[in-house]
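No sequence on hand, only this structure:
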């Protein structure tokens, strides 16, 4: 079992819709969770982080964390074609400092 | 404008040659990561350092890869000898544990 799992997609949504990206992790010691966006040929860039159970909103993005279920998700409201990219979930074990990434989910937003 | 700087951006080399990739982390960050990204494997953690001390390099093929951090402003990743299967994009990232890491632009390595 991989430490961080994501559906590779592609996930295709129409412009203006809500895109929902999901991630599960295996290590219960994980305490910090991140979402990165990576455009083709570019490096990953941080878009959200969440440390506590519940929801965290930042503009059109909402990160959701459920530690009991070992599940973290990212919602993108009012999706735009410019949101088309690969979204990487990352999990950090604060004790070891190890930052592990999932395979990423490719999102396509169609005009 | 603080950023992680990686050099070179592109490297083409022949099989068997030594390759050295360099990374200048963001000033003040205490953790440096090296990742390799391929289409098949995604983003794999090769090694990481905290306060310049190596914490885990279990992701690296030990016989050919080595990672060092000779000072706070420089991290290096060496491959000797290089093989075609090492062709990938290598990313360096730095951060303040347990906060997020910030990535450099990567080194695209092609071994022919």
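On my side now, so go ahead. What you are looking at is a predicted structure, and each value in this text was computed from that prediction instead of being measured. Numbers count the residues shown, from 1 in each chain, chains lettered A, B, ... in the order given.

which residues in chain B form helices?
Under the criterion DSSP state H, chain B contains no helices.

I'd like to know which residues of it are adjacent to chain A.
Counting by CB under 8 Å from any CB of the partner chain, chain B comes close to chain A at B:31, B:33, B:35, B:42-43, B:45, B:48, B:50, B:55-56, B:91, B:93, B:95, B:97-106. All C-beta spots, glycine's among them, are computed from the backbone N, C-alpha and C.

Tell me where the model's unsure across the chain.
Using chain A here. A:1-2 (pLDDT under 70).

if you could check chain B rather than the one you did, that'd help
B:1.

what is the one residue sitting closest to the centre of chain B paired to in the beta sheet?
In chain B, the centroid-proximal residue (CA atoms, centre = their mean) is residue B:34; its distance is 3.5 Å. Assessed by DSSP bridges, residue B:34 has beta-bridge partners residue B:47, residue B:92.

which residue packs closest to residue 35, ignoring adjacent ones?
No chain was given, so I picked chain A. residue A:48 (4.3 Å; CB to CB, 6 or more residues apart in numbering or on different chains).

looking at chain B here, not the other one
Nearest one to residue B:35, counting by CB to CB, 6+ apart, is residue B:91 at 4.5 Å.

And residue B:19, by the same measure?
residue B:79 (4.5 Å).

likewise residue B:43?
residue A:101 (4.2 Å).

Quick check: neighbours of whichever strand or helix holds the residue nearest to residue A:35 in the sheet, parallel or antiparallel?
Assigning secondary structure by DSSP states H and E places residue A:48 in strand A:45-50. Here strand A:45-50 is paired, per DSSP bridges, with strand A:32-38 (antiparallel).

For chain A, which segments count as helices?
Under DSSP H, chain A gives no helices.

which residues does residue B:109 contact?
Counting by CB atoms under 8 Å, 6 or more residues apart in numbering or on different chains, residue B:109 makes contact with B:11, B:13, B:19, B:21, B:79, B:82, B:86, B:87, B:88, B:89, B:90.

just to revisit the earlier point, how many residues are close by the residue nearest to residue B:35?
24 (other CB atoms under 10 Å in any protein chain shown).

of all the residues in chain A, which ones are close to chain B?
Counting by CB under 8 Å from any CB, chain A sits next to chain B at A:31-32, A:34, A:42-46, A:49, A:88, A:90, A:92, A:94, A:96-104.
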